[in-house]
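Peer 1: here's a sequence, model it:
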Amino acid sequence: MQRKDISPERKTIILVVVLFLNLVLMSTRVVMKNEKSLLNNIIGLIAAPFKIGFQKGVDLISHKIRRYIFHQHIFDKYTAVRKEQVQLKYENYLLKKKIMDEAFLERLKELGADYLETDVISIDPNFPFANLTIDRGSSDGIRKDMVVLNTDTQLVGRITEPISPITSRVRLITNSVGGAGAYIKKNMLEGFLTGENSKICLFKYLLENKPVDIGDEVVSSGTDGIFPAYLSVGTVIRIEKEYLVQKVYVKPYFIEKPIKKLFIIRNKTHE
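Peer 2: Numbering: from 1, shown residues only. Now for the predicted structure:
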């Protein structure tokens, strides 16, 4: 039986393997200054990047978890504070409303007025600054020319016909029909204030002998025989000078405020 000779290449490979194994065995016996074998040091060097990467990954995940828990805690606190803030705002609103209601009643007492609360049930869509309808009528003692105020006792208009047992029409001071005696509060410059079926009213022929400024307050004078004196009406928003006279444009206060709830003055305080 013939013996097969090992090829030179295989011999070389076997020799390399044997030498490597001898090197490994020798490295296990070589102790470094750190009291670890050379093999352990080599394995440590190879594994070090993986250890560092793993540790960084663990640290990152741990940080994210701690941050999430921290943020969740902060969010819970924020939600509780927001809830408390809403509650405080509501309580503040109730207190302000109570104070405003009491102030309103005081102002009515100063006017010596017997008043009736009412709600607006409709506004003319074609002429929103002309008329509106309220839910009080003749069965509540409502009569023509009774004065209508908003919740700040500022002038809104007066009752006009038709008046049914359960509803009435209010002619706004911005209506182009009719008007109100009024004056500029700071200098008593008096005239007749008329509406234009818009957001503004107009003093048409005020004499130019007394200056009027933007922002001047306008109040009722009582000279029209319908509206009592000293009711707040609005503020001056524009002035146009003409020969010897001036046109003064006024924005009523009630325009900028809700008119869902109104008050009817049932006795003529100016008589």
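Peer 1: skip ahead from the host helix or strand of Ala80 and say which helix or strand is next.
Peer 2: Ala80 belongs to helix 38-111 when assigned by DSSP states H and E. Going down the chain from helix 38-111, the next helix or strand is strand 115-123, by DSSP H and E.
Peer 1: partner strands of the helix or strand just after that following strand, parallel or antiparallel?
Peer 2: Going down the chain from strand 115-123, the next helix or strand is strand 131-134, by DSSP H and E. Using DSSP bridges, strand 131-134 pairs in its sheet with strand 115-123 (antiparallel), strand 168-172 (antiparallel).
Peer 1: for the helix or strand just after the last one, packing partners?
Peer 2: In other words, strand 168-172. With elements assigned by DSSP H and E, the helix or strand that comes after strand 168-172 is strand 180-184. Applying 3 or more CB pairs under 8 Å, 6 or more residues apart in numbering; DSSP states H and E, one finds that strand 180-184 contacts strand 189-195, strand 217-220, strand 232-241. C-beta coordinates here come from the backbone N, C-alpha and C atoms, glycine included.
Peer 1: what mean pLDDT does strand 180-184 have?
Peer 2: Here strand 180-184 scores 92 as its mean pLDDT.
Peer 1: just the C-alphas of it, formatted as PDB.
Peer 2: Extracted in PDB, the C-alpha atoms of strand 180-184 (Å, rounded to 0.1, in the frame of the first residue of the first chain):
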ATOM      1  CA  ALA A 180     -80.600 111.400  21.700                       C
ATOM      2  CA  GLY A 181     -79.700 114.600  23.300                       C
ATOM      3  CA  ALA A 182     -76.000 114.400  24.400                       C
ATOM      4  CA  TYR A 183     -72.900 116.400  25.100                       C
ATOM      5  CA  ILE A 184     -69.200 116.200  25.300                       C
END
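Peer 1: got the buried residues for it?
Peer 2: Going by neighbour count (16 or more other CB atoms under 10 Å), the buried part of strand 180-184 is 180-184.
Peer 1: circling back: export the helices and strands packed on strand 180-184 to JSON lines and tack on mean neighbour count?
Peer 2: Converted to JSON lines, these look like this (neighbours: other CB atoms under 10 Å):
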{"stretch": "strand 189-195", "mean neighbour count": "21"}
{"stretch": "strand 217-220", "mean neighbour count": "21"}
{"stretch": "strand 232-241", "mean neighbour count": "17"}
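Peer 1: a markdown table please, covering these and showing mean pLDDT.
Peer 2: Output for these, formatted as a markdown table (pLDDT from 0 to 100):
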| stretch | mean pLDDT |
| --- | --- |
| strand 189-195 | 92 |
| strand 217-220 | 93 |
| strand 232-241 | 93 |
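Peer 1: distance to Thr133 added to those strands, as a markdown table?
Peer 2: What follows is the helices and strands packed on strand 180-184, written out as a markdown table (distance: least, CB to CB, whole Å):
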| stretch | distance to Thr133 |
| --- | --- |
| strand 189-195 | 18 |
| strand 217-220 | 23 |
| strand 232-241 | 22 |
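Peer 1: and of these, who's closest to Arg266?
Peer 2: Arg266 lies closest, by CB to CB, to one member of those: strand 217-220, at 17.6 Å.
Peer 1: partner strands of that closest one, with direction?
Peer 2: strand 180-184 (antiparallel), strand 232-241 (antiparallel).
Peer 1: the last one vs strand 189-195, what angle?
Peer 2: Orientation note: strand 232-241 sits at an angle of 100 degrees relative to strand 189-195 (axes from the mean of the first three to the mean of the last three CA atoms, to 10 degrees).
Peer 1: of the helices and strands packed on strand 180-184, which is nearest His63?
Peer 2: Going by CB to CB, the one of the helices and strands packed on strand 180-184 nearest His63 is strand 232-241, 60.2 Å.
Peer 1: for the helix or strand just after the closest one, C-alpha coordinates in CSV please.
Peer 2: On the C-terminal side of strand 232-241, the closest following helix or strand by DSSP H and E is strand 245-252. Taking Å, rounded to 0.1, in the frame of the first residue of the first chain, the C-alpha atoms of strand 245-252 are listed here in CSV:
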residue,chain,number,x,y,z
VAL,A,245,-69.2,123.9,12.9
GLN,A,246,-67.7,120.4,13.3
LYS,A,247,-69.0,116.9,12.6
VAL,A,248,-68.1,114.6,15.5
TYR,A,249,-68.4,110.9,15.1
VAL,A,250,-69.1,108.8,18.2
LYS,A,251,-68.8,105.0,18.8
PRO,A,252,-71.4,103.9,21.4
